[in-house]
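# Build me a model from this:
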Amino acid sequence: MNTLFPLRYGIFLKLWTTFLAILIPIYVIAFFMSKSGVDIMRQQIFHLMEQKSAYFVSSMDSEFERISRLQLEFLGDSDLQDLSNRSETLKVYERTKAYNDLLTKLKTLASSSRYIKEAFVLMPHDNRRLSSINGYSEMDPAEFESFSGQKKFTSSGLSYMNNHVYFNLGFPQLSSSTFLLVIEISLDKIREEIQNPNTIGDGLAYIKSNDDGPAITVSSFDRDSNGELLAGVKATEEGTVIHVQDKSYLRFVEGFKSVNWSYVMLVDEEKVLQPVLPFKRWLWILSALSVIVVFVVSLSLLRVIHKPMLKLLKAFRQIETGQFDVHLQHRTRDEFNYVYDQFNQTVIRLNVLVKQVYEQTIRSQRSELKQLQSQINPHFFYNSLYILYRMAQEEDYEGVSAMSKHLGDYFKFITQNKSDVVSLDKEIQHAAVYVSIQQLRFHDRIVFQFDIEGPVDKWEVPRLIIQPFLENAIVHGHEQTIRDGRVDVRIRCDESVLVIEIEDNGEGVESNLLQEWERKLRTQDETDDHALWNVHRRLQLRYGETSGIRLQAGGTGGLLVTITINRKGNDTDV
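From the prediction side, this is the model:
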C-alpha cells in the first residue's frame, strides 16, 4: 500500500487547480458580458414583435367579428326567409325579385370585407346555389352534404374543407337546415396582410390554426423554398428561441380572440443580434485559446498519467461488453503499475464467476420469457368472427374483404416465432392493423390516433407490446362508450430511450387500483391482468429494472399507460 500515491500530492490536481483558478473568472466575466448584451437585444426585439403582432391580430379580430355578425344578421333577411319557408306560395315575379334582391345582398356582403372571398347560399328545397361570384346555378348535393354534415363546429365557429376556410351557418340548425349561408375566407388576402412589411427585418410570419382536424397554415413566405423551415417550426411547439435547420430563430406567438388561430413571427437571431456578435466571437476566441493552453501544457506534463488512464478506461469498456481476456501491462513502477496488477487479478476472478453462472441465468431468462409470450392470445377472436359473419349476412363484401385482410395480417404477425423481437415500425404496423379491425367493430364510437416522433426504424422491441394496451383501453375503458371515444398512441424515441404512451378517455381506473398496481410492480407480484404483467416482465427481463410499464390517471379522465425502454439498462440478449 506504500506504493500508492494520494491524489492530493499528485501534480495532476495541482496543475488543473492553477489553470482553472486563472481561466474560470476571466471566462465567466466574458460570458456574462456577452449574455447580457444578447438578452437586452432580445428583449427589444420581442417588444417590437409584440407591438406589431398585437396591432395586426386586433385589426383582423375586429374584421372577423364583423363578418360573423353580418352573417348572423343575414340569416334573418326577409327575402332569404321567404324563399326558404314559403317559396311555393310566391308568384313567379315575386320569386324572381326575391332571388335578384338576395343576390344583390350577397354581393354587398362579399364586398363589405377584404377578407371575404365568396358568399353563397345553398337552398336544397329549390336546388339552387346563389353566389356572390357565380350568380345563379344548380346546387351540388354533395356540396350541401359536406357543409350540413359538419355537425360539430370548431371552437372558433370555423369549418375547414380542402384547404379552404368557411364561416358556415344554417337555418334553423345545421343538422336539418332549410338553407345554408356560407362565407369563404380569402386566404390569399390574409397572406397579403402578413407579407414582409408586417415582420421585422428578414423575419417570416405565418398564421396557424389551433383547431382539431385539418391544419390550415397561411404563411408570408414561399412554401417551396421555406417548406422545411415551416415543418421544423411546427415540430417545435414551445419556446421563444427555437433551432431549425442549424439556425436559431426568435419566435413570438399572438393568439386571436375571435377565432382559434395564432399569429407567429420568426426572426433570424443571427441577423438581429448582429451588433453583439463580435462579443460572442471574442468569447469563442478566448475559449479556444484557453483550451489550447491547457491542452499543450497538460500533454507535455501529464503524458504519463493521461495515456495509462485511457488504457485503463478502454479495458473497462471491454469488460462491459463481456470480453474477459484483457491483460494490462505497465513499464513504469508507479501507481498505475499497482492499479493494473489489481485490475488483472479482478478480471481473472470475475471471468471464473461469469462462466459458472452465465449459462444458468440466460437459460432461466429464456424459459420465463417464452412462457410469458405464450400467454398472449387474441382475446377479440370471437368478436372478429362474429363481425365477419354479420358483414357476410349483410352482403357487405368490401367489409368482408377488408376484415379478412386485417385478420390475415394480424394472425400472420402473432403466429410468427422466428424471433422474440421485431422492428418498432412493424410493431406499430401490427397495432394499426388491430385498430383497423376494432374500427370495423366500433365504427365512429372510438377514434384512434397515432403520433410518432423519432427514428422508429432504428429500434427493435419485444413483439406484442402495444396491442395488449390498445385491447385494454377498448375492453375496460370504452366497452360502454356510445360516442366521442378516443384512444391516443404517442411514440417518442431517440438513440437511447423509447417512450410509448397509450391514453384513452374512457371510464378510467380507481386510484386505489392504480396504487395496488404500483405496489405489485415494486414487489414483483403478478397482477390479475396477465397481459399487462407479461409485457412489464418481458421488458424488465430484456432491458433491466429501468424499463417497464407505469399506469396513471389520464388527463381526459381515462387511463394513461406509459411504456419505457431504456437501452442504457441491462440489455440481455434473450
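# From here on, just use CA atoms for contacts and neighbour counts.
Fine.
# State the pLDDT value of P308.
The model reports P308 with a pLDDT of 77.
# Settle this for me: it is touching E335, isn't it.
No - in terms of C-alpha atoms under 8 Å, P308 does not count as a neighbour of E335; the distance is 10.3 Å.
# show me where the stretch 151-300 of the chain has strands.
158-161, 164-171, 179-185, 204-209, 217-219, 241-244, 247-255, 261-268 (DSSP state E, counting those that start in this stretch).
# Buried deepest among those strands, which one?
Ranked by mean neighbour count under mean count of other C-alpha atoms under 10 Å, the strands of the stretch 151-300 of the chain are led by strand 179-185, which reaches a mean of 23.
# Find out how far that one is from the centre of the chain, if you would.
34 Å (C-alpha atoms, centre = their mean, to the nearest Å).
# Okay, now the sheet partners of it, with direction.
Applying DSSP bridges to the sheet, strand 179-185 is found paired with strand 116-123 (antiparallel), strand 164-171 (antiparallel).
# how about JSON lines for the ones you listed, with distance to I474 added?
Shown next, in JSON lines, are the strands paired with strand 179-185 (distance: least, C-alpha to C-alpha, whole Å):
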{"stretch": "strand 116-123", "distance to I474": "41"}
{"stretch": "strand 164-171", "distance to I474": "35"}
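# Among these, which comes closest to I446?
strand 164-171 (26.4 Å; C-alpha to C-alpha).
# what sits up against the closest one?
The set of residues that contact strand 164-171 without belonging to it, under C-alpha atoms under 8 Å, 6 or more residues apart in numbering, is 68, 71-72, 75, 147-148, 157-160, 177-187.
# Swap in 7 Å and give it another go.
Outside strand 164-171, the residues within contact range by C-alpha atoms under 7 Å, 6 or more residues apart in numbering are 157-160, 177-185.
# and that strand, what's its mean pLDDT?
Rounded mean pLDDT across strand 164-171 is 81.
# Just the C-alpha atoms of it, please, in PDB.
Taking Å, rounded to 0.1, in the frame of the first residue of the first chain, the C-alpha atoms of strand 164-171 are listed here in PDB:
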ATOM      1  CA  HIS A 164     -60.400  26.400 -47.600                       C
ATOM      2  CA  VAL A 165     -61.800  28.200 -44.500                       C
ATOM      3  CA  TYR A 166     -65.500  29.000 -44.100                       C
ATOM      4  CA  PHE A 167     -67.900  30.700 -41.700                       C
ATOM      5  CA  ASN A 168     -70.800  28.200 -42.100                       C
ATOM      6  CA  LEU A 169     -74.300  28.800 -40.600                       C
ATOM      7  CA  GLY A 170     -77.600  27.100 -41.300                       C
ATOM      8  CA  PHE A 171     -81.300  27.800 -40.600                       C
END
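# which stretches of the stretch 201-350 of the chain aren't confidently modelled?
Scanning the stretch 201-350 of the chain for pLDDT under 70 picks out 201-203, 212-216, 220-239, 273, 275-277, 279-280, 297-304, 306.
# Helices along that one, start to end?
Using DSSP state H, counting those that start in this stretch, the helices assigned to the stretch 201-350 of the chain run over residues 223-235, 269-272, 277-301, 303-320, 335-374.
# In terms of helices and strands, where is Q552?
strand 548-553 (DSSP states H and E).
# Okay, now the sheet partners of that strand, with direction.
strand 559-566 (antiparallel).
# So what touches the strand it pairs with?
Outside strand 559-566, the residues that reach it (C-alpha under 7 Å, 6+ apart) are 496-504, 508-509, 543, 546-554.
# ok, now stretch 282-291?
Stretch 282-291 has contacts (C-alpha under 7 Å, 6+ apart) with 30-31.
# can you rerun that using 6 Å?
Where contact means C-alpha atoms under 6 Å, 6 or more residues apart in numbering, no residue beyond stretch 282-291 reaches it.
# what comes up buried for that stretch?
Buried residues in stretch 282-291, counted by 16 or more other C-alpha atoms under 10 Å: 283, 286-287, 290.
# how much space is there between F46 and I194?
According to C-alpha to C-alpha, to the nearest Å, F46 and I194 sit 18 Å apart.
# Please work out the average pLDDT along stretch 554-561.
85.
# how close does F324 sit to V165?
Counting by C-alpha to C-alpha - F324 and V165 are separated by 67 Å.
# One more: R463?
44 Å.
# Ok, F381 next?
Counting by C-alpha to C-alpha, the gap from F381 to V165 is 44 Å.
# What of Y382?
Noted for Y382: a distance of 45 Å to V165, by C-alpha to C-alpha.
# Just confirm R567 contacts S496, I think it does.
Yes - between R567 and S496 there is a contact under C-alpha atoms under 6 Å: 5.1 Å.
# higher neighbour count, these two?
R567 (17 against 11; other C-alpha atoms under 10 Å).
# rewinding a little: list only those of the contacts of strand 559-566 flagged as buried.
498-504, 508-509, 543, 547-554.
# Go through the protein and flag its longest helix.
The longest helix of the chain (DSSP state H) is helix 11-74.
# The helix or strand just after it relative to strand 164-171, how many degrees between them?
Later in the chain than helix 11-74, the nearest helix or strand by DSSP H and E is helix 78-85. Put simply, helix 78-85 runs at 70 degrees to strand 164-171, going by axes from the mean of the first three to the mean of the last three C-alpha atoms, to 10 degrees.
# Could you list the buried residues of helix 78-85?
Quick answer for helix 78-85 (16+ other C-alpha under 10 Å): 79-84.
# and the helix or strand following it, what does it pack onto?
As assigned by DSSP H and E, the chain's next helix or strand after helix 78-85 is helix 92-111. Here helix 92-111 touches strand 116-123, going by 3 or more C-alpha pairs under 6 Å, 6 or more residues apart in numbering; DSSP states H and E.
# Repeat the analysis, applying 7 Å as the threshold.
Under the contact criterion of 3 or more C-alpha pairs under 7 Å, 6 or more residues apart in numbering; DSSP states H and E, helix 92-111 touches helix 78-85, strand 116-123.
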